[in-house]
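Engineer: need a structure here:
(one chain, ligands or ions: 1)
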Amino acid sequence: MRLRTSLLAGLLSVLLVGCGSQSATITVSGVVFDEAQIAQGRQLYAQYCASCHGANGEGQFADFPLLPDETGRFGAPPHNGYGHTSHHPDDWLIAYVRDGGISLRNPALYYPMPAFGDQLSDQEIARIIAYIKTIWHERP
Ligand code: HEC
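Structural biologist: Now for the predicted structure:
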């Protein structure tokens, strides 16, 4: 009986630790990213992405992030839970940031999503994606 109780207590503590949101493991293309790498991704996001996608991933037009503005163009979409960034595979996301967006081919419909391949390495982009993964289900 005692063994059972301590087993149960052990199981409970594993469950509790597992539920702490901070300890959730973030992977990008199968590689695990630690907190320091994610913090670097956050810094790079602030430097290269936040001016369009919003400081907290709320999108270029935070009030109506998924609609075109009066010029008929879509802005930078949100990377939080109101967007759809989480629906894309990791490799696609990295390539998209490296090579630029659909807007480069269709500037009449979208504000520009530049290519970052000459400024950021794939590794740096992956760190940014790792950071985005920490916010992409948030709906503030
Ligand atoms: C100059 C404004 C601008 C900057 C800076 C910018 N983006 Fe974008 N981004 C856009 C726009 C506009 C779109 C939508 C049109 C398109 O996809 O071409 C977009 C689309 C995207 C998409 C595809 C949509 C989605 O949610 O999956 C991703 C991913 C993305 N951006 C990531 C980034 C990352 C990461 C950075 C920083 C390295 C960044 N963007 C910097 C404007 C920008």
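Engineer: burial check on the residue of the chain found nearest the ligand, number of neighbours?
Structural biologist: The ligand sits closest to Gly101 of the chain, with a gap of 2.0 Å, by C-beta to the nearest ligand atom. Heads up, the C-betas are built off the backbone N, CA and C, glycines and all. Gly101 is flanked by 17 other residues according to other C-beta atoms under 10 Å.
Engineer: which residue sits closest to it in space, ignoring its chain neighbours?
Structural biologist: Take Gly101 and drop its neighbours on the chain: the residue closest to it by C-beta to C-beta, 6 or more residues apart in numbering is Met113, 2.9 Å away.
Engineer: quick one, what contacts Gly101?
Structural biologist: Neighbouring residues of Gly101 by C-beta atoms under 8 Å, 6 or more residues apart in numbering: Tyr110, Pro112, Met113, Pro114.
Engineer: Tyr82 now?
Structural biologist: Glu58, Gly59, Pro65, Leu66, Arg139.
Engineer: no further queries at this time; thank you.
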